[in-house]
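1. no sequence on hand, only this structure:
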């Protein structure tokens, strides 16, 4: 091809086309923001805020980890998992049993919980990831419900509905930093994943699995890998949360609201985006808690209307709409406003700028 | 060279003494419908083979069988001397068989640039390498092909936001990314304007000349196929009706009656 275009020329043109986003500061903008936010949040415990605020923030960090890990399999890969709570519950029970019955130290049980969840994901993922769409979702929901009943029935081991009581002394500050560190790490990993061949391949599987296979992408291997990874992270978080709350039973560890919350948070923020689960989690918890505080139990009516409005006007979630705005009226409007001052009035420049941002 | 309905097609390109693709007795049925019947199909290195026939003659099914997208009921397929009959589509692609589709299959959530990068998948790439951004060689290859197709201005647009003709070019870039020895083009000119068809023809010829890539071109655009193919195979009702040079095919009475018309 050298007679048609010199390689050096090709490289120069591509570099020129991507010159602006390749500047280091812009390229790593997301990581810099993440690091600053992490450091800022790390200083919060020293600002004199009370324990309930720290607990709220700690819970928020935990949900960021959970929704981000759910986003790997459901958002990036397109396999919407309505039974992901099974890994959370299993992780919690692995730690609960090892701490209570085997008297193992908590720190040792967390990696074991992650491995156990990943192995379970491998076993069920191999047959279930052959299903697509709603069939996979229902099969995972079935796994979740079946496992909850199994844990409930295995009374000699799990104490069934009576539950397990873990050591009562818990250092809240430790869990605050544990979940904060986990949230920063998982967002950084999601950023890295999105830029990698692996992440791009996952998005390709979501868009067109058969087409991805025809391009030489090992779809089976990548799906299983990301499913196990997502399960391991969720299992580890379940293990930490079980130890933090000091008491677990099947209703607590395998609660239905987990499935709904984690999906809503990610969809609100933007499926398959790096920052979507973060934005979605923060917004979800803020709106829900504010409404609950002001309206009591009737808050669900307003909260439901809020969710409908978001899905109706921002079907790709908040981050998805801002990044890939051309697909919705609201997104196009947002982009016009954002680029009015930049002189990027023509449609081509607008689209290019938007796409470049998303690559970031 | 003579037209033939059954014999092994002759080698037509250069001094080649072997085929890169050798399919024998390919048969595929869907329920009671026999879409492809005992078809032999061979391609020499660097050869451009046109595959034509009326609608429902089995062209796309045969192409699917060759790329292992559709498992054949009977027959053997050797690609670069290796029996690929039991391989997955992904494995065949990694062995150097690229393809485009009748209905364009790009990944709309990725940019044109990312789509191009994804075209290069290597056998045995470890997870560690997969977790890194594409390497310099991959980016260089993508840059070269994008420049060849004259679409560098599209690189940062989402693939779902470009025109149908541009999508065809991006598909060709993807098919060429892993330096294949054979590329299957399935109705690549469908829905493409005449100017772009000329460009597409030029790009195929350049890639054929400079990288010695063989092409199997499935087309309804007879002008395109006659101007580009070294050899043309005509299918009718799942069987091979004729096989010869464009000139021979254009004078074949059976082909004229069944497909080309007066």
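-> Looks like it arrived, so ask away. Predicted model, so just to flag it, every value in this text is computed and none were measured.

2. now residue B:150: closest residue in space that isn't a chain neighbour?
-> residue B:199 (7.4 Å; CB to CB, 6 or more residues apart in numbering or on different chains). Where you see a C-beta, it was placed from the backbone N, CA and C, and this is true even at glycine.

3. can you classify the one you found by secondary structure?
-> helix (DSSP: H, G, I helix; E, B strand; the rest coil).

4. how about residue B:23?
-> Residue B:23 is classified as strand under three-state DSSP.

5. show me the contacts for it.
-> Counting by CB atoms under 8 Å, 6 or more residues apart in numbering or on different chains, residue B:23 touches B:39, B:40, B:41, B:42, B:65, B:66, B:75, B:76, B:77, B:78.

6. which among those residues count as buried?
-> B:39, B:40, B:41, B:42, B:65, B:66, B:75, B:77, B:78 (16 or more other CB atoms under 10 Å in any protein chain shown).

7. looks to me like the third one is in a strand.
-> Yes: the assignment for residue B:41, made by three-state DSSP, places it in a strand.

8. and it, what are its bridge partners?
-> residue B:23 (DSSP bridges).

9. surely it touches residue B:19?
-> No: Residue B:41 is beyond contact range of residue B:19, at 9.6 Å (criterion: CB atoms under 8 Å).

10. the residue nearest to residue B:150: what's it in contact with?
-> B:149, B:150, B:169.

11. number of nearby residues for the first one?
-> By the measure other CB atoms under 10 Å in any protein chain shown, the count of residues near residue B:149 is 23.

12. quick one: contacts for the residue nearest to it when sequence neighbours are not counted?
-> Spatially, and ignoring its direct neighbours in sequence, residue B:149 is nearest to residue B:169 (4.5 Å; CB to CB, 6+ apart). By CB under 8 Å, 6+ apart, the residues touching residue B:169 are B:149, B:151, B:196, B:199, B:200, B:203.

13. and what of residue B:106?
-> By CB under 8 Å, 6+ apart, residue B:106 lies in contact with A:207, A:211, B:115, B:159, B:160, B:167, B:170, B:171, B:174.

14. mind running it again at 7 Å?
-> Taking CB atoms under 7 Å, 6 or more residues apart in numbering or on different chains, we find residue B:106 in contact with B:115, B:159, B:167, B:170, B:171.

15. my guess is it is in a strand, correct?
-> No: Residue B:106 is assigned coil when assessed by three-state DSSP, not a strand.

16. how about the worst-scoring helix or strand of chain B on mean pLDDT, which residues are buried there?
-> One helix or strand of chain B scores below all others by mean pLDDT, DSSP states H and E: helix B:127-130, with a mean of 76. Buried residues in helix B:127-130, defined by neighbour count with 16+ other CB under 10 Å: residue B:130.

17. and that helix, how far from the chain's centre?
-> Mean-position distance between helix B:127-130 and its chain equals 29 Å (CA atoms, centre = their mean, to the nearest Å).

18. could you point out the helix or strand that follows that helix?
-> helix B:136-148 (DSSP states H and E).

19. and the average pLDDT for that next one is what?
-> Mean pLDDT, helix B:136-148: 92.
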